[in-house]
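>>> the following block contains a protein sequence and its predicted model.
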Amino acid sequence: MSESAINIQRINNKANSSVVREYDYEITFVIVSWNVVDMLTKCIESIITNRDGLSTQIIVVDNASTDKTVSKIRSLFPSIELVDNSKNHGFAKANNQGFKIARGRFIFILNPDAVLLPEALRILYDTLVKFDDIGVVGPKIFYPDLMVQNTCARRFPTLTSAFLCNALKLHRIPLTKCLIEQKVRYPYDYDKEQAVEAISGAAMLVREEVIDELAGFGESYLHGGEDYDLCRRVWEFGKRVYYNPKAQVIHKRWQSGRQASLRVYVNNVLSQQEYFRMNYGKVYAVCFRLIVSLIEVPVSIVIAVVKYTIRKNSLSELRKRLQIAVAVLPWKPVRIDN
């Protein structure tokens, strides 16, 4: 059966109505890209290779790349739907652009520096088909060296985790690493299929009706925090957030972000504050800002100086680290359109 011939239907249960929704595809992939055309190509190839008989729509939203992403993708994959933005809209807004033209029963949010391994798509698809109460499911995610990325199953951010990990960086000290991470960030068994608080936005399969009802990602997030926020709203919507390690993805991580590390750091911190404001209120947001300004920044500066002193970092690296650390103090976003 051709992709255009398939007609999938679902009932809008939340509205408890008889309205029937029609879909053209079983799965729509939405991939937001910025200057990573080679990795994006491999990502798309992994989708085509591992469709497992499922009908798919692939949407690439390009955030004003300068590496000829648009022309190359159109040449290599003419059937792909491509949104060519004239400026960088960031992760949340660009994904929402893709959601608006998605015609799949389920929507697969996938980073361009990720590749699907065999059967991953089918396993995630079958999970949502089997369990109606699951709103979003994520795979086990590996680095290229096959180390597990613990962000694929994690707890929601708290002021405690911001203080112990972001500010004091106790999760990097061997004596406290396991205790801190297991207690406040990553308490899950990564070999166990289970409901979790949050999964990673690098690879997640979401029901279309959930995306529709929740209006996609919150566009007030500049860089990061969108996936946490979406997972929280999925739980509030009455659906579970699920982790299935039988489905596996390799993710290089931060390949776009490392091109603009200062911008990423500042906007990520501001996005974390936005997460606390949106979900806990202004007092929590202010407390988070104080943790960053009074503890995280000074600690980062001290660490950078110490590393330079013991010759672990060069002078240029020291300058870069200091610049990144102090850039957040004005507490203003760094432009994302350059």
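Arrived safely, thanks for sending.

>>> biggest helix in the chain, by residue count?
Criterion DSSP state H: the longest helix present in the chain is helix 261-280.

>>> which strands and helices sit next to that one?
helix 226-236, helix 282-291, helix 315-327 (3 or more CB pairs under 8 Å, 6 or more residues apart in numbering; DSSP states H and E). Glycine gets a C-beta too; all of them are placed from N, C-alpha and C.

>>> what angle do it and helix 282-291 make?
150 degrees (axes from the mean of the first three to the mean of the last three CA atoms, to 10 degrees).

>>> alpha carbons only: can I get helix 261-280 in PDB?
Provided in PDB are the C-alpha atoms of helix 261-280 (Å, rounded to 0.1, in the frame of the first residue of the first chain):
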ATOM      1  CA  SER A 261      28.700  27.700  22.800                       C
ATOM      2  CA  LEU A 262      28.300  31.200  24.500                       C
ATOM      3  CA  ARG A 263      24.900  31.600  23.000                       C
ATOM      4  CA  VAL A 264      23.900  28.100  24.000                       C
ATOM      5  CA  TYR A 265      25.100  28.500  27.600                       C
ATOM      6  CA  VAL A 266      23.300  31.800  28.200                       C
ATOM      7  CA  ASN A 267      20.100  30.900  26.500                       C
ATOM      8  CA  ASN A 268      20.000  27.500  28.200                       C
ATOM      9  CA  VAL A 269      20.300  29.100  31.600                       C
ATOM     10  CA  LEU A 270      17.500  31.600  30.800                       C
ATOM     11  CA  SER A 271      15.400  28.700  29.600                       C
ATOM     12  CA  GLN A 272      16.000  26.800  32.900                       C
ATOM     13  CA  GLN A 273      14.700  29.900  34.700                       C
ATOM     14  CA  GLU A 274      11.700  29.900  32.400                       C
ATOM     15  CA  TYR A 275      11.000  26.300  33.300                       C
ATOM     16  CA  PHE A 276      11.000  27.100  37.000                       C
ATOM     17  CA  ARG A 277       8.800  30.200  36.400                       C
ATOM     18  CA  MET A 278       6.300  28.300  34.200                       C
ATOM     19  CA  ASN A 279       6.000  25.300  36.500                       C
ATOM     20  CA  TYR A 280       6.700  26.600  40.000                       C
END
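
>>> and the residue nearest the centre of this structure?
residue 201 (2.3 Å; CA atoms, centre = their mean).

>>> tally of neighbours for the closest residue to that one other than its chain neighbours?
What sits nearest to residue 201 in space, not counting adjacent residues and going by CB to CB, 6 or more residues apart in numbering, is residue 227, at 3.0 Å. Counted with other CB atoms under 10 Å, residues neighbouring residue 227 total 23.

>>> measure residue 227 to residue 301 for me?
To residue 301, residue 227 is 29 Å away according to CB to CB, to the nearest Å.

>>> so for residue 253, what's the pLDDT?
At residue 253, the model reports a pLDDT of 70.

>>> next, it: secondary structure please.
With DSSP: H, G, I helix; E, B strand; the rest coil as the basis, the three-state label of residue 253 is coil.

>>> residue contacts, it?
111, 113, 143, 149, 202 (CB atoms under 8 Å, 6 or more residues apart in numbering).

>>> secondary structure class of the residue nearest to residue 53 when sequence neighbours are not counted, three-state.
Of all residues not flanking residue 53 in the chain, residue 122 sits nearest, at 7.8 Å (CB to CB, 6+ apart). Three-state assignment for residue 122 (three-state DSSP): helix.

>>> measure how buried residue 122 is and give me the count.
When neighbours are counted by other CB under 10 Å, residue 122 comes out with 16.

>>> just checking, residue 138 touches residue 154?
No - under the criterion of CB atoms under 8 Å, residue 138 makes no contact with residue 154, lying 10.2 Å away.

>>> touching both of these two, which residues are there?
Common neighbours of residue 138 and residue 154 (CB under 8 Å, 6+ apart) are 199, 200.

>>> these two: which has the busier surroundings?
Comparing residue 138 with residue 154 by neighbour count (other CB under 10 Å), the higher total belongs to residue 138, at 30 against 23.

>>> may I have the beta-bridge partners of that one?
residue 243 (DSSP bridges).

>>> where do the domain boundaries of this structure fall?
The record's domain split for the chain, according to automatic domain parsing, is 3-153+188-255, 258-327.

>>> in the stretch 1-150 of the chain, which spans are helices?
37-49, 69-76, 90-100, 120-130 (DSSP state H, counting those that start in this stretch).

>>> show the pLDDT at residue 259.
With respect to pLDDT, residue 259 scores 57.

>>> please disregard the earlier target; I meant residue 334.
For residue 334, pLDDT reads 86.

>>> on that earlier part again, so what's the residue nearest to the centre of the chain up against?
Contacts for residue 201 (CB under 8 Å, 6+ apart) come out as 91, 109, 111, 226, 227, 230.

>>> follow-up on the earlier one: nearest to residue 67 among the helices and strands packed on helix 261-280 would be which one?
Closest to residue 67 of those, according to CB to CB: helix 315-327, at 23.0 Å.
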